[in-house]
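Trainee: coordinates only, sequence not included:
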């Protein structure tokens, strides 16, 4: 394996409770278990020496051409090796576990086959538990499998013929050759929480190629059945479908809570310090994800998240002391203590590597708007008890909205009166009034309406910069901020409002670089962090949507087409795009994929309207 493959050089597989990244050379270099936010078993993506990995690839001395793809409309990843002697494939998948019960056991299946000629393969399994901090023991079992025993987590490695495992210290390797039509399999099973380790057959009965094929068929059937709920029939079916599957893979099935990304510590700038842990549920990201899934027809996921969100509103007990905090663990736990893993060098030596997220106790008032935005899509937000919990939060917000906060981008440079935060408090009051009216629910409508109108007046008076002829990042600056691309989407302005079009023009001149959009200019508006960052994919797709709704269809379609060229080889996006077109930040990023869906839907709708008018 190379020391550090490009961030984009990966596919993702998952079972709806955890996920693994597979590099295009056949290396699993990231897997945390039993949950997305658990310590890692493989993490060579963050330290090529200490992190651990599992490589299964053609053993042809660099002579193979490698291609990676997904089995269409599934989360089954195929890595193809094409060499002078033949063509072989490694097929990675995790049997989905959509149950509402957290599982201590998770399987990553790596099937191998040769479709032409013959091909030698090499297997190297080097787990490193607890982010590479914990030692492990290795035991060989009677059936030819091995058991890696870590602290509280065991990894059982099983293989089928003709693979024979060879221990090497506390690691394992194997070399084997397959002819055309022959198959083999490697099954990695983790189990967590057994006192004193596992006994008997921890991964179940020894696998057979027939059993692995049955698992493959069941996995494929699950994803194809799930996609039947999609209503999308637009022009970008493949990219929208891949984004929907990615959002599903990033959702923790037992609670319905989506995470922001599958990874932690991947840098926004190579060698920089902007390396965060994104394996948690942001109220903001998750709420917008829910809207995107609803628009596609996936109501079950939306309803599950709303239940989770209502539970957070009812539970209280936040780390920030507010009724809601910006992020939680997938089970709703509010405490996300941040630690620096000094023993890991970081992706391409981008330190520090952080686990946990200290931003959890920041004050970001926009989350109340996003929560209301998500709840407002439901016919029933949780019965009378759920409504009372929501109404209490809105009552609290009427007394607390007019405060500086850290803002949507979680800057660490001090609180400001961010325009986007005010915008979303306006959304909270507006949707609360509409929900109460539509469902005949009790609420202090007079106060809510008064607060809604006062927020609007304040944004118009203080968030508008006369010289820039644009809405700006916060009340004491003339800096632009791409988060305000959501203004027409949430209904604060119409897409053709003159003040909005002037703002859009200002962003186009300052934040947009060949269809790519920066969040803001950190040089003009210091955010308390060293270094720079790339353009933000969420904002780039929001820009496409804003252009489409404003009627600038040629520009919108061209920008969208350009953005799609930055997707990786299997249609996935990280958080940002760097100066050379490389993907940066945690991967894959839910924010990016939800905004791709929204942009595609908006562009489809506006193009269809234009074609109807033309006829």
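Mentor: Arrived safely. Keep in mind it's a predicted model, so treat the numbers as computed, not measured.
Trainee: contact partners for the residue nearest to residue 337 when sequence neighbours are not counted?
Mentor: Distances taken as C-beta to C-beta, 6 or more residues apart in numbering place residue 356 nearest to residue 337, at 4.9 Å, with adjacent residues excluded. The way it works is simple: take the backbone N, C-alpha and C, and place the C-beta from them, glycine included. Residue 356 makes contact with 277, 336, 337, 338, 339, according to C-beta atoms under 8 Å, 6 or more residues apart in numbering.
Trainee: for residue 428, same thing?
Mentor: Residue 428 neighbours (C-beta under 8 Å, 6+ apart): 368, 369, 371, 372, 394, 397.
Trainee: cutoff 7 Å now
Mentor: Residues near residue 428 by C-beta atoms under 7 Å, 6 or more residues apart in numbering: 368, 369, 372, 394, 397.
Trainee: single out whichever of these has the smallest pLDDT.
Mentor: Among the contacts of residue 428, residue 372 carries the weakest pLDDT, at 90.
Trainee: wait, that residue touches residue 434, no?
Mentor: No - contact criterion C-beta atoms under 7 Å: residue 372 and residue 434 do not qualify, at 9.3 Å.
Trainee: mind checking which of the contacts of residue 356 are buried?
Mentor: The neighbour count (16 or more other C-beta atoms under 10 Å) marks 277, 336 as buried among those.
Trainee: list phi and psi for the closest residue to residue 73 other than its chain neighbours.
Mentor: Counting by C-beta to C-beta, 6+ apart, residue 73 lies nearest to residue 227, which is 5.4 Å off, once chain neighbours are set aside. The phi/psi pair for residue 227 (degrees, to the nearest 10) reads phi -70, psi -20.
Trainee: and the pLDDT at residue 227?
Mentor: For residue 227, pLDDT reads 97.
Trainee: check the one 4 residues further on too.
Mentor: Predicted confidence (pLDDT) for residue 231: 96.
Trainee: again, but for residue 386
Mentor: pLDDT, residue 386: 78.
Trainee: so what's it up against?
Mentor: Listed by C-beta under 7 Å, 6+ apart, the contact set of residue 386 reads residue 310.
Trainee: can you do 8 Å?
Mentor: 310, 313, 314.
Trainee: now residue 79
Mentor: 22, 24, 25, 26, 57, 66, 67, 68, 89, 90, 91, 92.
Trainee: pick out the most distant pair among those.
Mentor: Greatest spatial distance among these (C-beta to C-beta): 25 and 91, at 15.2 Å.
Trainee: and stretch 431-445, how far apart are its ends?
Mentor: Start-to-end span of stretch 431-445 (C-alpha to C-alpha, to the nearest Å) is 11 Å.
Trainee: and the pLDDT at the closest residue to residue 153 other than its chain neighbours?
Mentor: Using C-beta to C-beta, 6+ apart and skipping residues adjacent in sequence, the residue nearest residue 153 is residue 192, 4.7 Å away. What the model reports as pLDDT for residue 192 is 93.
Trainee: give the buried residues for the lengthiest helix in the chain.
Mentor: Using DSSP state H to define each element, the chain has its longest helix at helix 590-614. For helix 590-614, the neighbour count (16+ other C-beta under 10 Å) marks 590-604, 606-607 as buried.
Trainee: then stretch 41-60?
Mentor: Residues of stretch 41-60 classed as buried: 41-48, 50-58, 60 (neighbour count, 16+ other C-beta under 10 Å).
Trainee: could you list every residue that touches residue 469?
Mentor: Contacts for residue 469 (C-beta under 8 Å, 6+ apart) come out as 499, 502, 503, 506.
Trainee: the helix or strand that contains the first one - what's its average pLDDT?
Mentor: What that stands for is residue 499. Using DSSP states H and E, residue 499 maps to helix 498-510. On average, the pLDDT along helix 498-510 is 97.
Trainee: list the buried residues for it?
Mentor: 500, 501, 503, 504, 506, 507, 510.
Trainee: now do stretch 426-446
Mentor: In stretch 426-446, counting by 16+ other C-beta under 10 Å, buried: 426, 427, 428, 429, 430, 431, 432, 433, 435, 436, 441, 443.
Trainee: among these, name the ones in helices.
Mentor: 426, 427, 428, 429, 430, 431, 432, 433, 435, 436.
Trainee: in the stretch 251-400 of the chain, where is pLDDT below threshold?
Mentor: 378-382 (pLDDT under 70).
Trainee: can you pull out the helices in it?
Mentor: Remark: helices assigned in the stretch 251-400 of the chain by DSSP state H, counting those that start in this stretch are 283-296, 299-315, 366-375, 383-400.
Trainee: the second one: how far from the chain's middle?
Mentor: On the basis of C-alpha atoms, centre = their mean, to the nearest Å, helix 299-315 is displaced by 18 Å from the centre of the chain it belongs to.
Trainee: pLDDT below threshold where in the stretch 451-600 of the chain?
Mentor: In the stretch 451-600 of the chain (pLDDT under 70), the answer is 522-532.
Trainee: do you have the strands of it handy? List them.
Mentor: Assigned by DSSP state E, counting those that start in this stretch, the strands in the stretch 451-600 of the chain fall at 464-465, 470-471, 512-513, 516-517, 535-536, 576-577, 583-584.
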